[in-house]
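Student: Below are the sequence and a predicted model; questions follow.
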Amino acid sequence: MTEHAYRIQGATGEWEVVIGLEVHAQVTSDAKLFSGAATTFGAEPNTQVSLVDAAMPGMLPVPNRECIRQAVRTGMAIDAQINKWSRFDRKNYFYADLPQGYQISQLYHPLVGEGAIEISLDDKNPDAAGKTIGVERIHVEQDAGKLMHDQHPTRSYVDLNRSGVALMEIVSRPDMRSPAEAGAYLSKLRSILRYVGSCDGNMDQGSMRADVNVSVRKPGDEYGTRTETKNVNSVRFVMAVVEQEAKRQVEVIEAGGKIVQETRLYDPDRNETRSMRSKEDAHDYRYFPDPDLLPLELDDAFLDECRASLPELPDSKRARYEAAGITRYNAAVLTADVDTARWFDALLDAGASAVPAANWVTSELFGALNRLGKDIAASPVSPAQAAELLALVADGTLSGSLAKQVFEVMLETGDAPAKIVEDRGLKQTSDTGAIEAVIADVMAKNPNQLAQYRGGKEALFGFFVGQTMKAMGGKANPGVVNELLKKALG
Amino acid sequence: MSDVTDLGIAGLRDGFRAGEFSARDVAEAFNARVDAADALNAFLVKTPDHALAAADVADAARAAGEAPKPLAGVPIGMKDLFCTKGVATTAASHILEGFVPPYESAVSQNLWDAGAGMLGKLNMDQFAMGSSNETSAFGNVISPWRRKDGGNAPLAPGGSSGGSSSAVAARLCPGATGTDTGGSIRQPAAFTGISGIKPTYGRCSRWGTIAFASSLDQAGPMARDVRDCAIMLEAMAGFDVRDATSLQLDVPQWEAGLSADLKGKRIGIPKEYRVDGMPAEIETLWQQGIDWLRDAGAEIVEVSLPHTKYALPAYYIIAPAEASSNLARYDGVRYGLRDLPEGAGLQDMYAATRADGFGDEVKRRIMIGTYVLSAGFYDAYYTQAQKVRTLIARDFERAWEACDLLLAPTAPSAAFALGEKSADPIAMYLNDVFTVPSSLAGLPAMSVPGGLDAAGLPLGLQIIGKPLDEQGVLNAGLAIEQRAGFVARPEAWW
């Protein structure tokens, strides 16, 4: 690591923070983990509930192959061990949003074992500022329903739409040491999940949320007692939780207090964590193997299919872009999100050459999308149209500034660049006769500058270029202008 | 024409097909029998219209010359553990009082698809927990049998499928569904002089059957004889994608495969089943059974099942552990009973609902199960019990090297009087001593009547088979049935 280690300055010296994340990611699947009910977000309450999800008497869970497949693919994407034999356990507790009175999860034998995620703290130089964060396991489990307390003055309502929805719980090792690392880990994990297609990563819709485990210690000491802040639903909040919770713990310890192992909640409005319950009143979940389900056994054909269906992942895509001459920074930016990478790959597939395409996307396209407030997936200009525009630049039809103008029109009208060039006469000219005439005119109008230039003030060359281009309405080929000017100015 | 209610399933089926009577005649006759037997308290719900509707369909199909369905013209009784669409289903509990499922269990649907009709829902031990039917929230079933010594003490019909056993024995229905977790088909069959088979775990789908202990629960038929059991089991069994533990196998033609010729079969006699204090009459009947099977051509060998004595304790850890979790869904939130005291919060509602809704035996097992799964005790109880379960299964696997089937008594005694054991749960649990090991191993096992004890009460013999060898079990049962010549039936007093 090239960055300076993150330290909290306490009264008694420097403290190190130790962070582990348990991320719950909703599996992208049309159906729930153990029932055929649908999983659409935002549906009317209790419209996506099967007899199994409502835990009607005699109903039984049957594992959904697609949910298992997505978790296995996710495991493969982080180079994790895939356990061909795993098992579901029941986690028993009573709550009104938990119809069965237990959550089907995997405590003893998870589907996915040890893996790792590479993070980067510096987009401009991802390799130099990289770090490997261990992933202890990924298991699959059911989500619970949702209680609604705002529907009636004295009663609570239960919405079971989420009940039984498949989640992956992705448990990291306590390998992170700063808010930035925690943020980078969560962003990278989200990126991988979106590449794999196993989770849409929509944190604001609750498709992804993190339980943040934080402890502090003097550098080199044993791990301190940790707290777990539940259900943090953005990268920014995760970083804030780490910062606030680490500070709080240092203050407690330095004031002579002790950190108690407890569950906490984050309040974004006050930017602080609050105690929810301590270990003493923690549930005894009475985990035991679910007797309604047989152990999950995966065969080689299934695993082969999972592996074959994996897309190119961000790290290898970045390497490929760099090999094509794209800068590290641009390669990192282009691969961070799957939608951007897909768009860029489509641009390359449409014939654009890598380096100018990368420069154009990261400057022109991103700038335009930013102005329009649109995601790249909703870009008004398609990769094929962009490729056409870049081709017109490459073959000299358009100069850089003309290309900008054409792009603006494309954004407004959606027309093809060639049509815009034709209709508006924006074509760059390399007509030497016309350019020479303009040059002669410019020289005639600026005798002082000409004299100075010829007297040795070569910096004035740019002035003549500017004047010539201006007089040509920006349509002159800058290369030709340069060449002819050099000749004319002598 | 003789009374059709004297006929069993095969007799009714064949008579109906031969045109000797209509299905409606049969349904009406059994409906009348059911109506006249309220004193037995065998039925929680009567569904005469269901039986009549199925009968009318069968009659119309016969009139139209269609090929008859396997159980066309046969009305049956349905244990109240099976969810039946539009018909109240309570598992004989107060907590599910008023619950009317909007769905049909796999087993009952299979039976309706086979042409059967339903006479009603049969009483049982609450959530199938009990051996005497005394844990029903709606009063115990009474056995139609009485001791011939003149003492008219009401007797237990066995449990938990006591409504089923009582109703079949009293000829209220020619056959009934049962479920067996640790002996709940076999023990009541033995107590009432009828036959009943628990198939291999996974033969019958558990979908829509209210769960007691998922890894043990298995549905099966209870009927007057072995052939009727074979016919009914064929209709009940079958793979079901909705049950992850269901076996993906075709259903054999057990009735067609029936044969009482046991030549070449080796029958194992497990020496550990000779328990202390076993009544002499049970011992004698067991010996009699051995002789009958030898007479049928089988070779008799002694085998050892060394871990038998640990089966009962292991069972009474595993079954309550699963039950404590399976019954968590009865919480007053979505269906069934809800007790919401004034000003109560969620936890108060749970406590009040479950305190009021579950009977003592159910609460006892939930507490045992909760205890054995709790932190610090899990390994000592649950893990240990699972190890025992593995050893017991291994005992059987070793035994199969020396024999094809096992013969043992079904229960350690004849039917006891109601109230006799209800104060002593351990004494009650001991009823399962011979049936529990095969349940833990998931093996097919059946009880057939062997004879009467000195008090004139039926005694059962149990045949246990290898996994999936229901045919072998049924055939040995048939061999005993033919030699036992069991024709005794309870005299109607109800």
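Tutor: Sure thing, it's come through.
Student: now check stretch B:111-124, is it near chain A?
Tutor: No - for stretch B:111-124 and chain A, the contact criterion (Cβ under 8 Å from any Cβ of the partner chain) is not met; the two come no nearer than 13.5 Å. C-beta coordinates here come from the backbone N, C-alpha and C atoms, glycine included.
Student: what comes up buried for that stretch?
Tutor: B:111-112, B:114-124 (16 or more other Cβ atoms under 10 Å in any protein chain shown).
Student: can you check stretch A:157-164 too?
Tutor: Of the residues in stretch A:157-164, those buried (16+ other Cβ under 10 Å) are A:158-164.
Student: how distant is that stretch from the center of its chain?
Tutor: Relative to the centre of its chain, stretch A:157-164 is centred 28 Å away, using Cα atoms, centre = their mean, to the nearest Å.
Student: and it, does that touch chain B?
Tutor: Yes - Stretch A:157-164 lies within reach of chain B by Cβ under 8 Å from any Cβ, at A:Val158.
Student: Could you dump the buried residues of stretch B:111-124 into CSV and include pLDDT?
Tutor: Formatted as CSV, the buried residues of stretch B:111-124 follow (pLDDT from 0 to 100):
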residue, pLDDT
B:Leu111, 98
B:Trp112, 98
B:Ala114, 98
B:Gly115, 98
B:Ala116, 98
B:Gly117, 98
B:Met118, 98
B:Leu119, 98
B:Gly120, 98
B:Lys121, 98
B:Leu122, 98
B:Asn123, 98
B:Met124, 98
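Student: Arrange these in a markdown table, one row each, with distance to B:Thr284 and secondary structure as further columns.
Tutor: What follows is these, written out as a markdown table (distance: Cβ to Cβ, whole Å; DSSP: H, G, I helix; E, B strand; the rest coil):
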| residue | distance to B:Thr284 | secondary structure |
| --- | --- | --- |
| B:Leu111 | 38 | helix |
| B:Trp112 | 43 | helix |
| B:Ala114 | 39 | coil |
| B:Gly115 | 42 | coil |
| B:Ala116 | 38 | coil |
| B:Gly117 | 41 | strand |
| B:Met118 | 40 | strand |
| B:Leu119 | 37 | strand |
| B:Gly120 | 38 | strand |
| B:Lys121 | 38 | strand |
| B:Leu122 | 32 | strand |
| B:Asn123 | 33 | coil |
| B:Met124 | 31 | coil |
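Student: List the ones among the buried residues of stretch A:157-164 that fall in strands.
Tutor: A:158-159 (DSSP state E).
Student: Can you tell me which residues in the stretch 151-300 of chain B are near chain A?
Tutor: Within the stretch 151-300 of chain B, the positions adjacent to chain A are B:206-211, B:213-215, B:241-245 by Cβ under 8 Å from any Cβ.
Student: Leaving out sequence neighbours, find the closest residue to the residue in the stretch 201-350 of chain B positioned nearest to chain A.
Tutor: Nearest residue of the stretch 201-350 of chain B to chain A: B:Ala328, at 2.3 Å (Cβ to the nearest Cβ). With Cβ to Cβ, 6 or more residues apart in numbering or on different chains as the criterion, B:Ala328 has its nearest non-adjacent residue at 2.3 Å, and that residue is A:Gly101.
Student: same deal with A:Arg454?
Tutor: Nearest non-adjacent residue to A:Arg454, counting by Cβ to Cβ, 6+ apart: A:Gly490, 6.8 Å away.
Student: how far away is the one you found from chain B?
Tutor: Per Cβ to the nearest Cβ, to the nearest Å, A:Gly490 is found 89 Å from chain B.
Student: Including secondary structure, neighbour count and pLDDT, could the residues of the stretch 151-300 of chain B next to chain A go into JSON lines?
Tutor: Below are these laid out as JSON lines (DSSP: H, G, I helix; E, B strand; the rest coil; neighbours: other Cβ atoms under 10 Å in any protein chain shown; pLDDT from 0 to 100):
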{"residue": "B:Arg206", "secondary structure": "coil", "neighbour count": "27", "pLDDT": "98"}
{"residue": "B:Trp207", "secondary structure": "coil", "neighbour count": "24", "pLDDT": "98"}
{"residue": "B:Gly208", "secondary structure": "coil", "neighbour count": "28", "pLDDT": "98"}
{"residue": "B:Thr209", "secondary structure": "strand", "neighbour count": "28", "pLDDT": "98"}
{"residue": "B:Ile210", "secondary structure": "coil", "neighbour count": "30", "pLDDT": "98"}
{"residue": "B:Ala211", "secondary structure": "coil", "neighbour count": "26", "pLDDT": "98"}
{"residue": "B:Ala213", "secondary structure": "coil", "neighbour count": "25", "pLDDT": "98"}
{"residue": "B:Ser214", "secondary structure": "coil", "neighbour count": "20", "pLDDT": "98"}
{"residue": "B:Ser215", "secondary structure": "coil", "neighbour count": "21", "pLDDT": "98"}
{"residue": "B:Val241", "secondary structure": "coil", "neighbour count": "10", "pLDDT": "97"}
{"residue": "B:Arg242", "secondary structure": "coil", "neighbour count": "18", "pLDDT": "97"}
{"residue": "B:Asp243", "secondary structure": "coil", "neighbour count": "21", "pLDDT": "98"}
{"residue": "B:Ala244", "secondary structure": "coil", "neighbour count": "20", "pLDDT": "97"}
{"residue": "B:Thr245", "secondary structure": "coil", "neighbour count": "20", "pLDDT": "98"}
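Student: Tell me the one of the residues you listed nearest A:Tyr329?
Tutor: Using Cβ to Cβ, B:Ala244 comes nearest to A:Tyr329 of those, at 50.5 Å.
Student: give me every residue that touches that closest one.
Tutor: Counting by Cβ atoms under 8 Å, 6 or more residues apart in numbering or on different chains, B:Ala244 touches A:60-63, A:292-294.
Student: residue nearest the centroid of the chain?
Tutor: Because you didn't say which chain, this covers chain A. For chain A, the residue nearest the mean C-alpha position is A:Ser191 (4.0 Å; Cα atoms, centre = their mean).
Student: right idea, wrong chain: chain B
Tutor: Centre-nearest of chain B using Cα atoms, centre = their mean is B:Ile185, 2.1 Å out.
Student: surely that residue meets B:Cys229?
Tutor: No - using Cβ atoms under 8 Å, B:Ile185 is not in contact with B:Cys229; the gap is 9.7 Å.
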